[in-house]
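Visitor: Got a sequence here, can you model it:
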Amino acid sequence: MTARSLYGSVMRSALSILAVPVLALGLSACGDDDKKASDSSKDDAKSYSDSSIDTIADDVDKAMKGLEAVHLSGNVDDDGRTILMDVTVSKGDCEGHLEIKGQGSMDIISVDGASYFKADDAFWKSQAGEQASMITGMIGDKWATDSTDDEGFAELCDLDKLLSDMDSGDVTDDNSKVTGTEKVNGVDTVSVSFTSDDGNPGTAYVAATDPHYFVRIDVPKEGSMTFSDFDKPLDVQKPADDEVVDLGTLGS
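Guide: Predicted coordinates:
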């Protein structure tokens, strides 16, 4: 197996995350030491908890439209593997860190239509076995890319695609119900119980004040995900040419 062919393995491992439904959109944590403001937010949460499931679904869908960037972090279980994610995504660009427990981790960048990654030794060993040392010796501490691959991390880094896959109906069906209020990551939320597509119980936490983003969604048997830094500008820098190894030029 060549370094170039391993590029596909890296992509498949990273993009396997997308086989697991995106669990949540959330709000960046915020705090307010003013007691009056705190009391007011609690009142807002209590008031919003009286809303119907349909109203909450409409509010969530409205809040997500027009989003330009968001930070995603959490974990998902995929066929017995635990995948940890810490990624900031915009409309086309992204950067962050992915870890597949027991199989290693990688830093990723997608900018101007090109994708780059740095995988650790553990990842290469899990993918390449005895050839891992040869691969790591060739790449060193540089970023790897493949100029012949038009997709790269494009699917993971496309916010529009991410949001199109995200449907409030996934957590606001006929069996869903509002179960109370709770502060999550510093945000006053309304909690909504639901059943996942796989039949597992979960809880969605929806911001009690406008915009009504999902703050977090927990499905204990599947994973947990939060989003933050909504619309915070993402400045991804393309690596210098001398810091990149193009696997597409290495031959097969």
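
Visitor: Please count neighbours and contacts with C-alpha atoms only from this point.
Guide: Noted.

Visitor: doesn't residue 65 make contact with residue 211?
Guide: No: using Cα atoms under 8 Å as the test, residue 211 is too far from residue 65 to be in contact (10.4 Å).

Visitor: So those two - more neighbours on which side?
Guide: The neighbour comparison of residue 211 against residue 65 (other Cα atoms under 10 Å) goes to residue 211, with 15 against 11.

Visitor: Please identify the nearest residue in space to that one, excluding sequence neighbours.
Guide: Sequence neighbours aside, residue 63 is the residue nearest to residue 211 in space, at 5.1 Å (criterion: Cα to Cα, 6 or more residues apart in numbering).

Visitor: Near the one you found, how many other residues are there?
Guide: Number of residues near residue 63 (other Cα under 10 Å) recorded here: 16.

Visitor: Please compute how far the helix or strand containing it lies from its chain's middle.
Guide: For residue 63, the host element (DSSP states H and E) is helix 53-64. Distance, stretch centre to chain centre, for helix 53-64: 20 Å (Cα atoms, centre = their mean, to the nearest Å).

Visitor: Just the buried positions in it, please.
Guide: Going by neighbour count (16 or more other Cα atoms under 10 Å), the buried part of helix 53-64 is 53, 56-57, 59-61, 63-64.

Visitor: what do you get for stretch 76-91?
Guide: Residues 76-78, 82-91 are the ones in stretch 76-91 that count as buried (16+ other Cα under 10 Å).

Visitor: and which of the residues you listed is nearest to residue 157?
Guide: Distances from residue 157 to these, taken as Cα to Cα, are shortest for residue 89 (5.5 Å).

Visitor: if I've got this straight, that closest one is in a strand?
Guide: Yes: applying DSSP: H, G, I helix; E, B strand; the rest coil, one finds residue 89 inside a strand.

Visitor: which ones are touching it?
Guide: 69-72, 95, 157-159, 234 (Cα atoms under 8 Å, 6 or more residues apart in numbering).

Visitor: Which among those count as buried?
Guide: By 16+ other Cα under 10 Å, those give 69-72, 95, 157-159, 234 as buried.

Visitor: ok, back up a step: pLDDT added to the buried residues of stretch 76-91, as a markdown table?
Guide: Formatted as a markdown table, the buried residues of stretch 76-91 follow (pLDDT from 0 to 100):
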| residue | pLDDT |
| --- | --- |
| 76 | 82 |
| 77 | 80 |
| 78 | 72 |
| 82 | 86 |
| 83 | 84 |
| 84 | 89 |
| 85 | 88 |
| 86 | 92 |
| 87 | 90 |
| 88 | 92 |
| 89 | 88 |
| 90 | 89 |
| 91 | 82 |
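
Visitor: Start from the N-terminal end of the stretch 1-150 of the chain and give the helices.
Guide: Counting by DSSP state H, counting those that start in this stretch, the stretch 1-150 of the chain has helices at residues 3-15, 35-48, 53-64, 121-128, 132-139.

Visitor: Ok, the stretch 151-252 of the chain next?
Guide: 159-165.

Visitor: shaky segments in it?
Guide: The model of the stretch 151-252 of the chain has pLDDT under 70 over residues 151-152, 154-155, 163-174, 250-252.

Visitor: Now render the buried residues of stretch 76-91 as JSON lines, adding distance to residue 177.
Guide: Below are the buried residues of stretch 76-91 laid out as JSON lines (distance: Cα to Cα, whole Å):
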{"residue": "76", "distance to residue 177": "24"}
{"residue": "77", "distance to residue 177": "25"}
{"residue": "78", "distance to residue 177": "27"}
{"residue": "82", "distance to residue 177": "29"}
{"residue": "83", "distance to residue 177": "29"}
{"residue": "84", "distance to residue 177": "29"}
{"residue": "85", "distance to residue 177": "29"}
{"residue": "86", "distance to residue 177": "30"}
{"residue": "87", "distance to residue 177": "30"}
{"residue": "88", "distance to residue 177": "31"}
{"residue": "89", "distance to residue 177": "30"}
{"residue": "90", "distance to residue 177": "32"}
{"residue": "91", "distance to residue 177": "33"}
